[in-house]
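Engineer: turn this into a model:
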Amino acid sequence: MAIEFNPSRGATLGVEWELQLVDRHTRQLRQDAKEVLAAVPELSEGRRPKAMHELMQSQIEIVTDVCNTAGEAVHDLKRSLQRLQEVVEPRGTGLACTGTHAISDWRDAVYAPVQRYAELVEEMQWLAWRIQTFGVHVHVGVTDREKVIPIVNALAAHLPHFLALTSSSPYWGGQDTGLSSSRAIVFGALPTAGPPHLLADWAEFEEYMSTLLRAGTIRSIKEVWWDIRPHPDFGTIEVRMFDGIPTPREVGMVVALSQCLVHQLDQQIDRGYKLPHPAAWVVRDNKWRATRYGLDADVITDDHGSTAPMRDVLYELQRELEPVAERLGCAEELAVMTDVLEQGSSCERQRAILADGGTLEDIVDATLIELAEDRFVTSNPNRGSGHSSA
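Structural biologist: Residues are numbered from 1 along each chain as shown. Below is the predicted model:
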């Protein structure tokens, strides 16, 4: 099976941001994406819609056009976000994004009226019933298909970094799971999800996809939901590891990080370097460490089992990528890594609100504020207010 790859002209960008529809009174998810999308036909209709259904009616995904810089991508998302806010606010609805919703129960979810989602639910049953999760996907263009698999392999070493920076789903159905990212477990349970298979080259990728198709495991290569995967139609590598991201500035951060890493690896291939190829056990173990401990994880740094604190590794990675970010015009966005490392990931900020005497409802209010005002909330936003509304 030959899989055509449409090469990009460079490290171009596309971003998908899955948003929650939240009832401002009850703080529960609202299952009315169909009505909201119908109210914004300029975004939801046409050949390339910029707002669309996801699996659940509590979700709306907004997507960018092809962009060149992280700043351009964030600006694109903000335009769609502003239009959606104009529609949902009169309905008593707010927009937020974390990997899971702190208090809503997946059993109350309503599926989107999309045939392929109905087929997914029929096939996956309980695994799909509970996917009331939210994430951010970043596409980065690659100039040559022969570079794709080596870059995917090398990026697999960064799965824990991507997840730790964005871990935002400690709560599931009103319970603290003890994890930094329950979404990584819930979505990762799908049979074709999880870390990418570390393959040798594009030909082996084609053969592996052919095998899955012949076996009936998948009907399309789009049903392979790896944490990082090739996207042949777009000519990109798609990073899918990020938890739901609450603020536009953090979205800009992960877009910059993804673009810098892919561009750096692409350039290293051009210079004749052989890219690193992490051991599969290290990739799996490190993903679990980030899932459990987030930024407090000790991450494995080589195939011999050496470890280092995640925060130290991320500070070092940021410094290493700063010259790349300068050349790509995303230094400002990459610098948000420092803010996250100092003020905490969303997971840490949410738990800080409880430590400050807040409730899970206060956490939901904080996530609404974070997205609307593009700032971090690290304490109970309703402390001393005498009421529990935002």
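Engineer: who does residue 53 bridge with?
Structural biologist: Beta-bridge pairing for residue 53 (DSSP bridges): residue 60.
Engineer: any idea how far it lies from residue 28?
Structural biologist: Counting by CB to CB, to the nearest Å, the gap from residue 53 to residue 28 is 19 Å. For glycine as for every other residue, the C-beta is placed from the backbone atoms N, C-alpha and C.
Engineer: cool, and residue 300?
Structural biologist: 39 Å.
Engineer: residue 64 too?
Structural biologist: 29 Å.
Engineer: also residue 375?
Structural biologist: Distance from residue 375 to residue 28, by CB to CB: 24 Å.
Engineer: more neighbours: which of these two?
Structural biologist: residue 28 (17 against 12; other CB atoms under 10 Å).
Engineer: for the more buried one, give me the pLDDT.
Structural biologist: Residue 28 is assigned a predicted lDDT (pLDDT) of 98.
Engineer: let's have the chain start at 843 instead
Structural biologist: New numbering, starting at 843: the last item is residue 870.
Engineer: nearest spatial neighbour of it, chain-adjacent residues omitted?
Structural biologist: residue 946 (5.2 Å; CB to CB, 6 or more residues apart in numbering).
Engineer: ok, that neighbour - contacts?
Structural biologist: Contact analysis of residue 946 by CB atoms under 8 Å, 6 or more residues apart in numbering lists 870-871, 900, 974, 1015.
Engineer: ramachandran angles for residue 1031?
Structural biologist: phi -80, psi -20 (degrees, to the nearest 10).
Engineer: again with the one 5 residues further on
Structural biologist: Main-chain dihedrals, residue 1036, degrees, to the nearest 10: phi 100, psi -170.
Engineer: how many residues are close by the nearest residue to it once chain neighbours are set aside?
Structural biologist: Spatially, and ignoring its direct neighbours in sequence, residue 1036 is nearest to residue 1030 (5.2 Å; CB to CB, 6+ apart). Residues lying near residue 1030 (other CB under 10 Å) number 17.
Engineer: what does residue 982 give?
Structural biologist: If we define neighbours as other CB under 10 Å, then residue 982 has 28 of them.
Engineer: could you report the neighbour count for residue 1213?
Structural biologist: For residue 1213, using other CB under 10 Å, the count is 25.
Engineer: any idea whether it is helix, strand or coil?
Structural biologist: Three-state assignment for residue 1213 (DSSP: H, G, I helix; E, B strand; the rest coil): helix.
Engineer: could you list the residues in contact with the strand or helix carrying residue 1159?
Structural biologist: Using DSSP states H and E, residue 1159 sits in helix 1152-1170. The contact list for helix 1152-1170 (CB under 8 Å, 6+ apart) reads 853, 911-912, 1000, 1002-1003, 1006-1007, 1098-1099, 1101-1103, 1105-1106, 1131-1132, 1135-1141, 1143, 1173, 1175-1177, 1179-1180, 1183.
Engineer: sorry, back to before: does the residue nearest to residue 870 sit in a helix or strand, and which one?
Structural biologist: Residue 946 belongs to no helix or strand, assigned by DSSP H and E.
Engineer: ok, back up a step: what's downstream of the helix holding residue 1159, the next helix or strand?
Structural biologist: Next along from helix 1152-1170, by DSSP H and E: helix 1173-1176.
Engineer: and residue 1187, how far is that from residue 1218?
Structural biologist: 10 Å.
Engineer: next one: residue 1042
Structural biologist: From residue 1042 to residue 1218 the distance is 42 Å (CB to CB).
Engineer: now for the helix or strand where residue 1141 lies, which elements pack on it?
Structural biologist: Assigned by DSSP H and E, residue 1141 belongs to strand 1140-1142. Packing partners of strand 1140-1142 (3 or more CB pairs under 8 Å, 6 or more residues apart in numbering; DSSP states H and E): helix 1122-1135, strand 1149-1151, helix 1152-1170.
Engineer: you'd agree residue 1120 is up against residue 997?
Structural biologist: No: judged on CB atoms under 8 Å, residue 1120 makes no contact with residue 997 at a distance of 9.6 Å.
Engineer: can you give me the strands for this structure?
Structural biologist: Under the criterion DSSP state E, the chain carries strands at the ranges 855-865, 893-895, 901-905, 935-938, 977-983, 1013-1014, 1017-1018, 1035-1036, 1067-1068, 1070-1073, 1078-1085, 1140-1142, 1149-1151.
Engineer: what's the closest of those strands to residue 1060?
Structural biologist: Within the strands of the chain, the stretch nearest residue 1060 is strand 1067-1068; the backing value is 9.8 Å (CB to CB).
Engineer: isn't residue 1052 up against residue 843?
Structural biologist: Yes: using CB under 8 Å, residue 1052 is in contact with residue 843, at 3.8 Å.
Engineer: brilliant, that's me finished.
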